[in-house]
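> Using only what follows, build the 3D model:
(one chain, ligands or ions: 4)
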Amino acid sequence: MNKPETALLALRMRAWVSTAGAHIRHHIHDPLQVKTKSSRVDLVTNLDKQTEKSLISAIRSEYPQAQIMGEEGSGDHVTDLSGLVFFVDPIDGTMNFVKQKSNFAVMIGAYENGHPLVGVILNVMRQELYWGGPQLGVFRNETPIDHVSPLALPDGLIGMNAGMFAYDRYHTHQLFKSCSGVRMIGSAGIEYIQLLEGRQIAYMSHLAPWDVAAGRVMAETLGMQLSRLDGHPLDMVTSGDVLIATASTDAAIRTIALAATPS
Ligand code: 2AM
Ligand code: CA
Ligand code: CA
Ligand code: CA
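Ligands and ions are numbered 1, 2, ... in the order given. From the prediction side, this is the model:
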């Protein structure tokens, strides 16, 4: 896609995500139908499903040839990344949405033949829309973001999945001692925003492609690094343990996270 086409795509994605966010805010105090998926703490609500359906129908009306991977099952079964592929997470941080009515996001990532094109993350309750891509730059609403945190590992905060920290996976307790502190927000999208804003130097979690996609486009555009910690290549089709880190901390974090455990 050339630059004008990509700019138009970004404009459309921003409009779809903004409309979804407005709809969620409008219904924020409505009674919710909450169901569990893989576990007691893996939730889906009627608004997750409804929002995904609306986003996917908006995408299909403008880009009928595209493949769409959505979390809640309304999309396609995507196995290869050829052509235009959209990754849709209608509500990222569903537990926060249910319990806190804040700290959740709507996210869409667009990729072309596996290459990052445009990412959009909306902090729904704060109405802050992060968007951009390699051809466009990265923005908060209309304001460009052009720098990332220059902090070294001892001086920065790391966002983590609570389970990864609780069970000390990837030496997260050692990482905790080596940085300025650990934070757990419960939404991959909101964690990505902390990185884009320079408030955290890294985020590590077990993530699915729709959790990774939108933020990856923007984080990489700003020079941050994404990698899998579980030894698999980053493929945007499977779930896995992912590290997103600033260029100045990626190597130091990986050295600690992947150090052999003495037996
Ligand atoms: P979700 O709310 O869209 O499911 C913290 O739970 C973060 O990890 C959220 O961004 C959440 O996205 C994501 N996540 C990924 N896999 C998950 C799972 N199996 N259960 C709960 N959250 C998951
Ligand atoms: Ca979910
Ligand atoms: Ca998610
Ligand atoms: Ca979700």
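
> residue contacts, Tyr170?
Taking Cβ atoms under 8 Å, 6 or more residues apart in numbering as the contact definition, Tyr170 lies against Met164, Met204, Leu229, Asp241, Ala257, Leu258. Backbone N, C-alpha and C define where each C-beta goes, glycine included.

> ok, now with 10 Å
Listed by Cβ atoms under 10 Å, 6 or more residues apart in numbering, the contact set of Tyr170 reads 160, 164, 204, 229-230, 241, 243, 253-254, 256-259.

> mind listing the strands for the stretch 151-263 of the chain?
157-160, 181-183, 202-207, 225-228, 240-245 (DSSP state E, counting those that start in this stretch).

> and of these, who's closest to ligand 1?
Ligand 1 lies closest to strand 202-207 among the strands of the stretch 151-263 of the chain, at 5.6 Å (Cβ to the nearest ligand atom).

> Parallel or antiparallel, list what pairs with the closest one.
Using DSSP bridges, strand 202-207 pairs in its sheet with strand 157-160 (parallel), strand 240-245 (antiparallel).

> Nearest approach to Ala219 belongs to which of those strands?
Comparing the strands paired with strand 202-207 by their distance to Ala219 (Cβ to Cβ), the top pick is strand 240-245, with 5.5 Å.

> Now that closest one - C-alpha only, PDB.
The C-alpha trace of strand 240-245 is given here as PDB (Å, rounded to 0.1, in the frame of the first residue of the first chain):
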ATOM      1  CA  GLY A 240       3.300 -16.900  23.000                       C
ATOM      2  CA  ASP A 241       5.400 -15.200  25.600                       C
ATOM      3  CA  VAL A 242       6.400 -11.800  24.200                       C
ATOM      4  CA  LEU A 243       8.800  -9.000  25.300                       C
ATOM      5  CA  ILE A 244       8.400  -5.500  24.000                       C
ATOM      6  CA  ALA A 245      11.300  -3.300  25.200                       C
END
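
> right, quick check: it against ligand 3, any contact?
No - figure legend: strand 240-245 not in contact with ligand 3 (Cβ under 5 Å from the ion); closest approach 12.1 Å.

> That strand and ligand 1 in contact?
No - counting by Cβ under 6 Å from any ligand atom, ligand 1 is not contacted by strand 240-245; separation bottoms out at 10.2 Å.

> For the strands paired with strand 202-207, give me CSV that also has mean pLDDT and mean neighbour count.
Listed next are the strands paired with strand 202-207 as CSV, based on pLDDT from 0 to 100; neighbours: other Cβ atoms under 10 Å:
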stretch, mean pLDDT, mean neighbour count
strand 157-160, 98, 23
strand 240-245, 98, 22
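
> element containing Asn96?
Using DSSP states H and E, Asn96 maps to helix 94-99.

> list the buried ones in that helix?
Thr94, Met95, Asn96, Phe97, Val98 (16 or more other Cβ atoms under 10 Å).

> Which neighbouring elements make contact with that helix?
Counting by 3 or more Cβ pairs under 10 Å, 6 or more residues apart in numbering; DSSP states H and E, the packing neighbours recorded for helix 94-99 are strand 34-36, strand 43-45, helix 46-62.

> please redo it, this time with the cut-off set to 6 Å
strand 43-45 (3 or more Cβ pairs under 6 Å, 6 or more residues apart in numbering; DSSP states H and E).

> Please state the mean pLDDT value computed over the strand it packs on.
Confidence over strand 43-45 (mean pLDDT, whole number) is 96.

> Can you list the strands that it pairs with?
strand 34-36 (antiparallel).

> average pLDDT for the strand it pairs with?
Mean pLDDT, strand 34-36: 97.
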